[in-house]
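S.K.: heads up, no residue letters with this:
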């Protein structure tokens, strides 16, 4: 028996299509909105089919010195070509990418998690400093 944290995998996103890629400035002004994009498959495309897809991405922010992170958002992708006609014959596909705007007042770390329906849980992080 282990902890759920033991199930998370991580790697270099340039070599592994399942690792969330966090794109945002390294430094931002305090209390000013900035964009954060989280995606998968930036360097190596991740499939988006009925059989193999990314189900969700979650984003958290943990300020330096605090114990617990704050949830920024939870984003679910539910259309992957499913249809009554069969797999991959549906009219709608969602893309495993999300862009959010947020502001922070303290330096900290963004944490992104993603779930692949075949390969499980993946994580990545990126520090963001206040200018």
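M.R.: Noted; the coordinates are in hand. For clarity, every value in this text was computed on a predicted model and none was experimentally measured. Residues are numbered from 1 along each chain as shown.
S.K.: element containing the residue with the largest distance to the centre of the chain?
M.R.: Taking Cα atoms, centre = their mean, the residue of the chain most remote from its mean C-alpha position is residue 85, at 30.7 Å. Under DSSP states H and E, no helix or strand contains residue 85.
S.K.: now do residue 30
M.R.: Of the helices and strands defined by DSSP H and E, none includes residue 30.
S.K.: contacting residues around the residue nearest to it when sequence neighbours are not counted?
M.R.: Nearest non-adjacent residue to residue 30, counting by Cβ to Cβ, 6 or more residues apart in numbering: residue 130, 4.8 Å away. C-beta here means a position set from N, CA and C on the backbone, and glycine is covered the same way. Listed by Cβ atoms under 8 Å, 6 or more residues apart in numbering, the contact set of residue 130 reads 27-30, 104-107.
S.K.: I would like a PyMOL command selecting only the buried ones among those residues, please.
M.R.: Buried residues within these, by 16 or more other Cβ atoms under 10 Å, are selected in PyMOL with:
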select buried, resi 28+104+107
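S.K.: Taking the contacts of residue 130, tell me the two that lie furthest apart.
M.R.: Across the contacts of residue 130, the longest distance by Cβ to Cβ is 13.9 Å; it joins 27 and 105.
S.K.: Show me the helices in this protein, by range?
M.R.: Here the chain has no helices by DSSP state H.
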